[in-house]
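**Student:** With the sequence up front, the predicted model follows.
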Amino acid sequence: MWHGRAVTGPPPPLPDLPPGGRVVLRHRTPDGGATDVLGELVEDAPGHLAVRDRAGGLHRVAREDVVAARPVPPRVRRRGADDGPVVGVCDLEAALALAWQAPSVARDGRWLLRSAGDRTRRASSVLALGGPGTDDLDAAVHAAGAWQRARGSTPRFQLPRATGAPAGRAARADAAALLEVSRLDAVLAARGWPLVSPTTVLTGRTGRVLDAVAGRGDAGVRLTPVPDAAWTALVRPGAPDDPVTAGLLVSAPEQVFAAVDGPGGAAAVGRLALADGWAVLTDLVVAPAARRRGLARAVVGALLGAAGDLPGVALQVADGNAPARALYAGLGLAEHHRYAYREEPAAPSA
C-alpha cells in the first residue's frame, strides 16, 4: 500500500493490470487526499477501473483519479488448509449444475438457461460461466428473461465470483470468464435487479471429511436410491406432492439418499449426488428434537462412504446459515467461491 500526503498533478501512466487478477489502486478522494482499494480487477474500461473487494463490494474509480496502481500476488491461503482437488470456479459450477438439473435447459454461449417453474432458484436461473453467444449483452439478457418467463420462472441469473479458489492454472482459466460475469452483474444492477440469496461453495477432500466423522457409528442410517416419504416430509414438511421437485431430486447422473429414523418420522436426512467426479452433498437436515446427537455427521459419513473413490466433496451453504457453516468447518470443508442471484423485481401490484 501507499500512504501519505495529498495528491496533485496529472495522473501517471498505468501499468498493465491482469483482468481478474488482484490489484491495488491508489486514487484521489474529494477532500484532496488519497486512499487505496485492494481486490479483484473486474473491469478495465477506457474511463474507469472497477475493483471488487474481498467483502464483495464493487469500487468504480475514474482513471483520471488513479494516482498509482500495481498487481499484487494472490491472497495466501492458511497453511495446512486442504481444500480439496484444485478446480476453477467455472468447472466446479458446471459440475454442481449436473447435481441439480432442471427439466428445461438451453444454452447461449457460456450461459446455461434453466427453468423448473421457480421450485428452486438454482434450477430456475441462468448460470453465467462467461458471456453469452452475442456481443449485445442487453439483447441476451432480454432473450434469457423471455425464455424463463415462457416456462413459468422469474428472470434470474446465478453469478459466481472467485473468493477462496486456488491460484495458478485454475484461477487463470477463470479470469476472462469471471470478468464477463462481473460485467453482466453491473448491467443487471443498473437495471435495478436486487442481489439475493448469497451462498458459499465449500470443498474438501473426501478422505479428510471421513476422518472427521469417524467413530460416530452409523446411527442406523438407511441408504436408498430414491427419497421415501419420511425423507421428503423432513426436507419439505407440508409441501404437496410435486413431480417437478421430485424430478430435481433424482436429476443427477447418480444419487443416493440417507435417513435416520426417529420416533415420529425421519430424525435426519441427506442427499449425495455424484457429478463429474465430485461428491456433492445437498439437503442435509436434522429434525429440531434430534439435534446435538451427531446425526448430521453420521449421515455425511454414510453418504460419503457410498461415494466410492471420488477424491473431492462439495456443497453449497447459505451465507446466513451459521450453524451449518460451523458444522462444515468442523468437517474440514473450506470456502472455494461464492455466488448470488440477481432477479427481476416483481411488478408492483395495481
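**Tutor:** Received it, and whenever you're ready, just let me know what you need.
**Student:** hey, where'd the strands end up in the stretch 1-150 of the chain?
**Tutor:** Secondary structure of the stretch 1-150 of the chain (DSSP state E, counting those that start in this stretch): strands at 22-28, 34-44, 48-52, 58-62, 66-71, 104-108, 111-115, 126-128.
**Student:** mean confidence for the lengthiest helix in the chain?
**Tutor:** For the chain, the helix that runs over the most residues, judged by DSSP state H, is helix 169-190. Average pLDDT, helix 169-190: 88.
**Student:** Off-centre distance for the helix or strand following it?
**Tutor:** Next along the chain after helix 169-190, taking DSSP states H and E as the criterion, comes strand 195-205. Here strand 195-205 is found 4 Å from its chain centre; the criterion is C-alpha atoms, centre = their mean, to the nearest Å.
**Student:** swap in stretch 337-344?
**Tutor:** With C-alpha atoms, centre = their mean, you get 8 Å for stretch 337-344.
**Student:** next one: stretch 137-148
**Tutor:** Stretch 137-148 sits 22 Å away from the centroid of its parent chain (C-alpha atoms, centre = their mean).
**Student:** for it, what is the average pLDDT?
**Tutor:** 97.
**Student:** what does stretch 269-280 give?
**Tutor:** Stretch 269-280 shows a mean pLDDT of 95.
**Student:** My reading is that residue 238 lies in a helix. Confirm?
**Tutor:** No - assessed with DSSP: H, G, I helix; E, B strand; the rest coil, residue 238 is coil; it does not lie in a helix.
**Student:** Could you pull up the residues touching it?
**Tutor:** Residue 238 makes contact with no residue under the criterion C-beta atoms under 8 Å, 6 or more residues apart in numbering. Using the backbone N, CA and C atoms, a C-beta is placed for each residue, glycine as well.
**Student:** what's it sitting at in phi/psi?
**Tutor:** Residue 238 adopts backbone torsions of phi 80, psi 0, taken as degrees, to the nearest 10.
**Student:** picking that back up, how about the strands of the stretch 1-150 of the chain in a markdown table, adding mean pLDDT, mean neighbour count and distance to residue 180?
**Tutor:** A markdown table is the format used below for the strands of the stretch 1-150 of the chain (pLDDT from 0 to 100; neighbours: other C-beta atoms under 10 Å; distance: least, C-beta to C-beta, whole Å):
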| stretch | mean pLDDT | mean neighbour count | distance to residue 180 |
| --- | --- | --- | --- |
| strand 22-28 | 84 | 20 | 18 |
| strand 34-44 | 81 | 19 | 10 |
| strand 48-52 | 84 | 20 | 13 |
| strand 58-62 | 85 | 15 | 15 |
| strand 66-71 | 84 | 17 | 20 |
| strand 104-108 | 96 | 15 | 12 |
| strand 111-115 | 97 | 24 | 10 |
| strand 126-128 | 98 | 27 | 8 |
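**Student:** Would you format those as JSON lines with distance to residue 344 included?
**Tutor:** JSON lines is the format used below for those (distance: least, C-beta to C-beta, whole Å):
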{"stretch": "strand 22-28", "distance to residue 344": "32"}
{"stretch": "strand 34-44", "distance to residue 344": "22"}
{"stretch": "strand 48-52", "distance to residue 344": "23"}
{"stretch": "strand 58-62", "distance to residue 344": "20"}
{"stretch": "strand 66-71", "distance to residue 344": "34"}
{"stretch": "strand 104-108", "distance to residue 344": "17"}
{"stretch": "strand 111-115", "distance to residue 344": "14"}
{"stretch": "strand 126-128", "distance to residue 344": "11"}
